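Peer 1: no sequence for this one, just the structure:
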Ligand code: SRM
Ligand SMILES: Cc1cc2nc3c(=O)[nH]c(=O)nc-3n(C[C@H](O)[C@H](O)[C@H](O)COP(=O)(O)OP(=O)(O)OC[C@H]3O[C@@H](n4cnc5c(N)ncnc54)[C@H](O)[C@@H]3O)c2cc1C
Ligand code: SF4
Ligand code: FES
């Protein structure tokens, strides 16, 4: 298990609007955070859209496909699995996934690429 | 590679086919040949003396409403670009040398192995003195009608009054020409030699009914009248028409529509046998007296006569295509049924319309006040339908024509009543061999087979596969019925579900929300859907809730539904920055307004461009800059232009009466009023309007969803136009409306569209998807046939009342403003990856190569964005 030091406190949970994304800077990385209304979970993936190479993933629409929580790129609408980061429209592409947790009402992201 | 390439020697083995005449039937011949792969064995050369590739002559009159002859072209043009197929335009074939198998055109000779004559007909002008005066026209080609139109417009301008037009000939072409003249604003008289109008299609009573309707439209009719001469005025142009009885009428333009004659001069001069009254004699295989020469279309005399309709010509084309490939197809005669819409009046005749069969009985239904005359011709036992004619209301035609030669059931009169009860034979019960589309010779069986065996799952597929319904269009409703029945029988269910979360169409969801109390997406999902929604159903729900509940796009849960662009009320660009488009209603902007836009763009370093929608777009705004930019704009009186929304975009205007020397109404004021009325209206797709101050149409209104063109008396309204991938011209919807009538019609049209269209369906495909098309929509909008008029009016009134500028409201609300942070933990930090280069004095996103250099630290004039504001 990792120690406390590897978790970065990003924002208050309340600052994340349910079912909408927000971008965050975590140790120099641009990360897209999503707080889902049904599961209550917070997911973090790359903010960089691998298709368009623009930093926009946090502005995509969340949804579900066959029960899997997803985010669609706002640029050209490819869907990504929020849990695994896998692109559902192109198996060769995926987003990096950052572990997250909520502590004392704060959202924390584990940085480093482990 | 070892695969064998076709050898040059192999290519020289191809035979040469020459087609003389590039009209409708020639086009079908080449299409049929290519479809059967005959272009692999034949080099096909087509010679036409017109300037255009083959076009739809049947729809010639639509030139007056569409005005763009390109719209009439047959096919998409790719046919003429294929290797092995060649079209020579502007090329008269002057001679055929049958012994040498050569034809002469373009000052040179062309060799052929087989030749097909498809030279069609020419319009006959009777030997009347003065028929060659300037101002006398025929009605056969696009050039004819273009010149006619120009003449009428020019004469009107020179004479400074309404033009007086006369049409010689009261047959179908004459009435088409009269319709065209009337549409051009001329006072029109139709002169017919016979005792009644359309003597070839309808009987005396039918002709009488037709006359009454046409006269009510302001067209004068003279029957039993012979034209004896035309006289010029002082300017040498036609001015008067004199009749055999000595009477005369003024005429500034004269159209001869006295029939057509086969263009068989080439055949005659090369010694081919011709019929007594013209036409190239050919056998059922379409072969002429020369075994290397075929004749097809209107020039051919086969099975005892020439055939003046396109349907039989198409059949001949198919016969020749088959024969050239060694087949034995034959032309045995054809159905001469016609249905026409002349001057807006339906006229149809089919089968034995004149009751020539021995002992036949006639069943007549006439309603002179409604201007309707209908007749069925039945066999002597009153059971079998032999033919009929319909004047004034030909809605029964599509169902009746395939029934010719079949029993009509116990009470044939039922078929004639107004709104003719759904006839028992229609659709399901129609036998397989019944001809459904006479233009293209398609039977009910072929349509069924397209669904069951050829995998077509909708109308478009069936049309492409069988060609049914692609010419005059009169059979479309019956074809659709057959297709629907067949699809249902085959158990093919075309899913209309919006997405995996809602088993409903957009229109059904709209109704669900409308009749319920639902005001949030979660309620909608919980009660009528499943899962968590997606990028399809969320924006649809946002649009519906916005129309019905009038809440702000970012209020509460609404915000989670908005598409990316709506969520920040700006359009995302390729690098993740946004464009800013303030509304410039009707394209009108003050110099002060322009200065503000210029100053804002300059202060924030935004790229500026005039859009195709008569306004100004500022590009390259970062998400966190949007509120500051909009604050400046809103303070200066600008508001959101909704460039991001599926909603009203722009109402394009022309300068109109207030400045333009041709303008007849104040188009700019109307455009601004309409833009302000419909701004913010959320809809299935974007909506664009246009208003032109006169028929010159500088605002391109007919390329808009709703186009308005000023007339002397008010406004003409057009609907269903768009640009984009499948451009459409808007169709005339209503004429000479007052401003009040116009606004109400647009209100209802738009609201009906918003309620019932599919997601991302523009108005043109929406109208097509409605049974009855434009006519049906017109009934709902103008005649309130569904009784929902007041409801639609109220819905639009509520929209107007609740409109608020989304940007102004956002700027006044801190929770909404919080959405514009670039990073939740660094709200004002610019995206460090943005990079720009300068071009023509403005900046644009660096491309990949430029970025690579930038990242490598080179010193090209590139700058990364520094944090401003
Ligand atoms: C800015 C502009 C081009 C320009 O530099 O002039 C433009 C830009 C875009 N157009 Fe357009 N269109 C613009 C005028 C037009 C026009 C011309 C007109 O309106 O007279 C047309 C053809 C007319 C029509 O719509 O029928 C046009 C037909 C389209 C279409 C095809 C629509 C269709 O029915 O097929 C799309 C795609 C869509 O909407 O699905 C589109 C979509 C787009 C989008 C929104 C694509 C996107 O999602 O990023 C572009 C972004 C706009 C932005 O601000 O970032 N744009 N677009 C014009 C903005 C006009 C305005 O002031 O609002
Ligand atoms: C206004 C109007 C409305 C009509 N409405 C209907 C309708 O509703 N239903 C229906 O079935 N039919 C209708 N028709 C008739 C229909 O258009 C014709 O039956 C059809 O066009 C015949 O096709 P075609 O190829 O034989 O002749 P065309 O289409 O006339 O083509 C012949 C072509 O050959 C060219 N040509 C002739 N001689 C030469 C030469 N020596 N060298 C080179 N080129 C030559 C001609 O210029 C012409 O372009 C209508 C016709 C008109 C004018
Ligand atoms: S459409 Fe007519 S009124 Fe408008 S600018 Fe053009 S010519 Fe003038
Ligand atoms: S009958 Fe003319 S298109 Fe079918």
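Peer 2: Looks like it came in fine. It should be emphasised that the depicted structure is a prediction, and the values quoted were computed from it without experimental measurement. Ligands and ions are numbered 1, 2, ... in the order given.

Peer 1: Quick one: the helices in the stretch 251-400 of chain B, in order.
Peer 2: Remark: helices assigned in the stretch 251-400 of chain B by DSSP state H, counting those that start in this stretch are B:265-269, B:310-324, B:397-400.

Peer 1: Can you tell me what sits against the longest one?
Peer 2: In other words, helix B:310-324. The contact list for helix B:310-324 (Cβ atoms under 8 Å, 6 or more residues apart in numbering or on different chains) reads B:17, B:24-26, B:28-29, B:32-33, B:36, B:38, B:42, B:57-58, B:114, B:116, B:118, B:284-287, B:294, B:296-298, B:300, B:302, B:307, B:328-331, B:333-336, B:438-441, B:471. Where you see a C-beta, it was placed from the backbone N, CA and C, and this is true even at glycine.

Peer 1: out of the residues you listed, which are buried?
Peer 2: B:17, B:24-26, B:28-29, B:32-33, B:38, B:42, B:57-58, B:114, B:116, B:118, B:285-287, B:294, B:296-298, B:300, B:302, B:307, B:329, B:331, B:334-336, B:438-441, B:471 (16 or more other Cβ atoms under 10 Å in any protein chain shown).

Peer 1: Can you narrow those residues down to the ones near ligand 4?
Peer 2: Residues of the buried ones among the contacts of helix B:310-324 in contact with ligand 4 (Cβ under 6 Å from any ligand atom): B:438, B:439, B:440, B:471.

Peer 1: contacting residues around the second one?
Peer 2: With contact set as Cβ under 8 Å, 6+ apart, residue B:439 has these partners: B:310, B:311, B:314, B:470, B:471, B:472, B:475.

Peer 1: Geometric centre of chain A: which residue is closest?
Peer 2: In chain A, the residue lying closest to the centroid (Cα atoms, centre = their mean) is residue A:44, at 2.5 Å.

Peer 1: Packing partners of the helix or strand hosting that residue?
Peer 2: Here residue A:44, judged by DSSP states H and E, is contained in strand A:42-46. Applying 3 or more Cβ pairs under 8 Å, 6 or more residues apart in numbering or on different chains; DSSP states H and E, we find strand A:42-46 packed against strand A:29-35, strand A:97-98, strand A:100-103.

Peer 1: Pull the contacting residues for the residue in chain A positioned nearest to ligand 1.
Peer 2: Closest contact between chain A and ligand 1, by Cβ to the nearest ligand atom, is at residue A:75 (9.2 Å). Residues in contact with residue A:75, defined by Cβ under 8 Å, 6+ apart, are A:49, A:51, A:52, A:54, A:56, B:572, B:574, B:576.

Peer 1: Who is the closest residue to residue A:70 other than its chain neighbours paired with across the strands?
Peer 2: Once flanking residues are discounted, residue A:70 sits nearest to residue A:79: 4.7 Å by Cβ to Cβ, 6 or more residues apart in numbering or on different chains. Beta-bridge partners of residue A:79, counted by DSSP bridges, are residue A:72.

Peer 1: Would you agree residue A:79 is in contact with residue A:72?
Peer 2: Yes. Between residue A:79 and residue A:72 there is a contact at 4.9 Å, judged by Cβ atoms under 8 Å.

Peer 1: any common contacting residues for the two?
Peer 2: The contact sets of residue A:79 and residue A:72 overlap at A:63, B:534, B:535 (Cβ under 8 Å, 6+ apart).

Peer 1: In the chain, where is pLDDT below threshold?
Peer 2: Using chain A. Within chain A, the stretches with pLDDT under 70 are A:1-5, A:112-114.

Peer 1: Correction: the question concerned chain B.
Peer 2: Within chain B, the stretches with pLDDT under 70 are B:1-12, B:65-67, B:341, B:410, B:417-429, B:493-495, B:855-869.

Peer 1: Residues of it that sit close to ligand 3?
Peer 2: For chain B, the residues in contact with ligand 3 (Cβ under 6 Å from any ligand atom) are B:654-656, B:660, B:662-663, B:667, B:692-694, B:696-698.

Peer 1: Let me know the distance separating the nearest residue to residue B:281 once chain neighbours are set aside from ligand 4.
Peer 2: Of all residues not flanking residue B:281 in the chain, residue B:273 sits nearest, at 4.5 Å (Cβ to Cβ, 6+ apart). Per Cβ to the nearest ligand atom, to the nearest Å, residue B:273 is found 32 Å from ligand 4.

Peer 1: dump the residue contacts of residue B:273.
Peer 2: The neighbours of residue B:273, taking Cβ under 8 Å, 6+ apart as the test, are B:280, B:281, B:288, B:289.

Peer 1: Separate out the buried members of those.
Peer 2: Buried subset of the contacts of residue B:273 (neighbour count, 16+ other Cβ under 10 Å): B:280, B:281, B:288, B:289.

Peer 1: Of these, which is the nearest to ligand 1?
Peer 2: Ligand 1 has its nearest neighbour among these in residue B:280, at 46.5 Å by Cβ to the nearest ligand atom.

Peer 1: I figured the closest one hits residue B:118, correct?
Peer 2: No. Using Cβ under 8 Å, residue B:280 is not in contact with residue B:118; the gap is 10.2 Å.

Peer 1: between the two, what contacts are shared?
Peer 2: Taking Cβ under 8 Å, 6+ apart as the criterion, residue B:280 and residue B:118 both touch B:295, B:299.

Peer 1: so, in contact with ligand 1 or not, the strand or helix carrying residue B:592?
Peer 2: Element membership for residue B:592 (DSSP H and E) is helix B:591-604. No. Contact of helix B:591-604 with ligand 1 (Cβ under 6 Å from any ligand atom) is absent, the minimum separation being 12.8 Å.

Peer 1: Is the closest residue to residue B:408 other than its chain neighbours bridged to anything, and to what?
Peer 2: Distances taken as Cβ to Cβ, 6+ apart put residue B:385 closest to residue B:408, at 4.9 Å, once the chain neighbours are dropped. Counting by DSSP bridges, residue B:385 is bridged to residue B:378.

Peer 1: now swap in residue B:349 and tell me
Peer 2: In this entry, residue B:349 is beta-bridged to residue B:338, residue B:389, by DSSP bridges.

Peer 1: Tell me which of the helices and strands packed on strand A:42-46 sits most buried.
Peer 2: When you average the neighbours per residue for each of the helices and strands packed on strand A:42-46 (mean count of other Cβ atoms under 10 Å in any protein chain shown), strand A:29-35 leads with a mean of 24.

Peer 1: Verify the contact between residue B:263 and residue B:121 for me.
Peer 2: Yes. Contact criterion Cβ under 8 Å: residue B:263 and residue B:121 qualify, at 6.0 Å.
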